[in-house]
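Engineer: here's a sequence, model it:
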Amino acid sequence: MQTHRILTINPEIHATNVCVFDDDVCIFEKSIHHHPSELRQFANFHEQAAFRENEIYDHLDYEGLNVSKLHAVCGRGGLLHPIEGGTYYINEAMIADLEADVFGKHVSNLGGILAFAIGKGLHVPSFVVDPVVVDELEPVARISGFPELPRKSIFHALNQKAVARMAAADRKATYENLNMIVAHMGYGITIGAHRNGKVIDVNNGLNGEGPFSMTRAGTVPIGDLLKWCLEKGYGISEISSKLFSRGGMQAYLQTDDIADAERKIDQGDQLSETVYHGLAYQISKEIGAMGSVLNGQVDVIVLTGMLAYRKKLTELISKSVCWISDTLVYPGDYIMPALAAGALRVLRKQEEAKHYESIE
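Structural biologist: Got it, this is the predicted structure:
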């Protein structure tokens, strides 16, 4: 069987992460750091594309990796309009939306832009896989109680679907034939109900739904929040910072490091223990809610993300939700392998790549 060489790209604010895979084996991994002074000359993220592209080429060349041997390039998907899950060809329509920040400004938009530029230069296909805007919600899941503000699907789609496939394989099954609840637990927490390969409901952690996290407040009492904002005279920037950057465990314990919280618990700090258990409690409660979405027919619960490394936390959650199903733990994220796997399924003709179309 032919070996396929794939370059994967995951841009961050001050770094461009790249890997080269031969099929599913990573043969090169590098986080290319960019000094803030190098990036200040650019007015926005997409203007950094040529600079970051040259950096990628320079590092691959330095390591002796011949780019002419690449069969595909795959970038982390950015903010696009809602689309179903899968692997997508990067086309001019997608690039137009990413460069214009039509659906929001985010460094991940560079993932598709960089992959397209490199792929085009090498005459190989470029892809994105399961971007954060994957939307497979059922109509009933969109009802919010406030018609002007329907519920939206924005979540850790790439990692959730990647670990769901891994868990299915470990159970000698396929993702498309199982019902799962997947909890991605990082600085943002999203918990999805996966039914036969589709995420039919998930909390929008980006915009404040669901459990609190290390820095995000999660769902808060809306009436009290409105009153508090009026009393404080806070504008959108102040309250956004309070909810999304300085909320959650950070607001209670003045740390966004869960290891610090565990050390305080070991030292007998009661508040730290209560907040820590509150985190496990809220995650477990959301998992329980997704169990009802799947009518109690849950084959497995999967815990993933940065916080899944914390054994104390995963044990608390597993104990709370064991009545629903077995729990499997896949710590960390699988962004780069998931990107390579999505491209590889297309290259091996195991699935067809989808085509992105702009919306008016």
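Engineer: the strands in this structure, which residues?
Structural biologist: 5-12, 15-22, 25-33, 72-76, 87-89, 126-129, 179-185, 189-195, 198-202, 300-305, 327-331, 354-355 (DSSP state E).
Engineer: who touches the spatially most central residue of the chain in this structure?
Structural biologist: By CA atoms, centre = their mean, the chain has its centre lying nearest to residue 156, at 2.7 Å. By CB atoms under 8 Å, 6 or more residues apart in numbering, the residues touching residue 156 are 132, 184, 186, 188, 190, 205, 305, 333. C-beta: built from backbone N, CA, C; applies to glycine.
Engineer: recalculate using a threshold of 10 Å.
Structural biologist: 130, 132, 134, 162-163, 182-186, 188-192, 202, 205-206, 304-305, 333, 335 (CB atoms under 10 Å, 6 or more residues apart in numbering).
Engineer: now render the strands of the chain as CSV, adding mean neighbour count, mean pLDDT and distance to residue 210.
Structural biologist: Listed next are these as CSV, based on neighbours: other CB atoms under 10 Å; pLDDT from 0 to 100; distance: least, CB to CB, whole Å:
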stretch, mean neighbour count, mean pLDDT, distance to residue 210
strand 5-12, 24, 97, 24
strand 15-22, 21, 97, 27
strand 25-33, 14, 97, 29
strand 72-76, 29, 97, 22
strand 87-89, 22, 98, 26
strand 126-129, 29, 98, 24
strand 179-185, 27, 98, 10
strand 189-195, 27, 98, 6
strand 198-202, 24, 98, 9
strand 300-305, 24, 98, 13
strand 327-331, 18, 98, 18
strand 354-355, 13, 96, 28
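Engineer: out of those, flag the one nearest residue 278.
Structural biologist: strand 189-195 (12.7 Å; CB to CB).
Engineer: so what strands line up beside the closest one?
Structural biologist: strand 179-185 (antiparallel), strand 198-202 (antiparallel) (DSSP bridges).
Engineer: could you list the low-pLDDT ranges of the stretch 101-250 of the chain?
Structural biologist: Along the stretch 101-250 of the chain, no part satisfies pLDDT under 70.
Engineer: what distance do you get for the residue nearest to the centre of the chain to residue 244?
Structural biologist: According to CB to CB, to the nearest Å, residue 156 and residue 244 sit 16 Å apart.
Engineer: any idea how this structure splits into domains?
Structural biologist: 5-134+336-354, 157-332 (automatic domain parsing).
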